[in-house]
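Chemist: let's see this in three dimensions:
(one chain, ligands or ions: 1)
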Amino acid sequence: MAEKILSITCPLCGRKYDKPVKELFEGADMICPLCGVKLNLHGHMWQDIQNEIAALGGATEHGSAR
Ligand SMILES: [Zn+2]
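Modeler: Residues are numbered from 1 along each chain as shown. Predicted coordinates for the structure are as follows:
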């Protein structure tokens, strides 16, 4: 089956990189391959990511959390 890829915009360097959606979950650690900054997916950033995943079209395996 096709893997869903989300473009992540790095808050530090402002560039985009691709990340498989399956690696995106609340509390996930992500490292920007462009500048090396380490991010933790939580709070409003996680909210934004969830919105972008939803916008890819398709239900998430996580379901809706509320
Ligand atoms: Zn970066």
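Chemist: where do the strands of this protein begin and end?
Modeler: Here the chain has its strands, by DSSP state E, at 5-9, 16-20, 29-31, 38-40.
Chemist: nearest to the ion, of those?
Modeler: Using CB to the ion as the measure, strand 16-20 is the one of these that comes nearest the ion, at 7.6 Å. Quick note: C-beta positions are derived from backbone N, CA and C, even for glycine.
Chemist: check which residues of the closest one are buried.
Modeler: 17, 19 (16 or more other CB atoms under 10 Å).
Chemist: and it, how far out from the chain middle?
Modeler: The chain centre lies 8 Å from the centre of strand 16-20; the measure is CA atoms, centre = their mean, to the nearest Å.
Chemist: give me the mean pLDDT for that strand.
Modeler: Average pLDDT, strand 16-20: 95.
Chemist: so what touches it?
Modeler: 3-10, 30, 32-34 (CB atoms under 8 Å, 6 or more residues apart in numbering).
Chemist: ok, it near the ion or not?
Modeler: No: taking CB under 5 Å from the ion as the criterion, strand 16-20 and the ion are apart, separated by no less than 7.6 Å.
Chemist: do a quick rundown of the helices in the protein.
Modeler: Under the criterion DSSP state H, the chain contains helices at 43-55.
Chemist: pLDDT weak spots in it?
Modeler: Under the criterion pLDDT under 70, the flagged ranges of the chain are 58-66.
Chemist: up against the ion, what does it have?
Modeler: Counting by CB under 5 Å from the ion, the positions of the chain adjacent to the ion are 10, 12-13, 32, 34-35.
Chemist: show the buried residues in those residues.
Modeler: The buried subset of the residues of the chain next to the ion (16+ other CB under 10 Å) comprises 10, 32.
Chemist: which of the residues of the chain next to the ion sit farthest apart?
Modeler: Within the residues of the chain next to the ion, Leu12 and Leu34 form the most distant pair, 9.0 Å apart (CB to CB).
Chemist: what about stretch 49-60, distance to the chain center?
Modeler: 10 Å.
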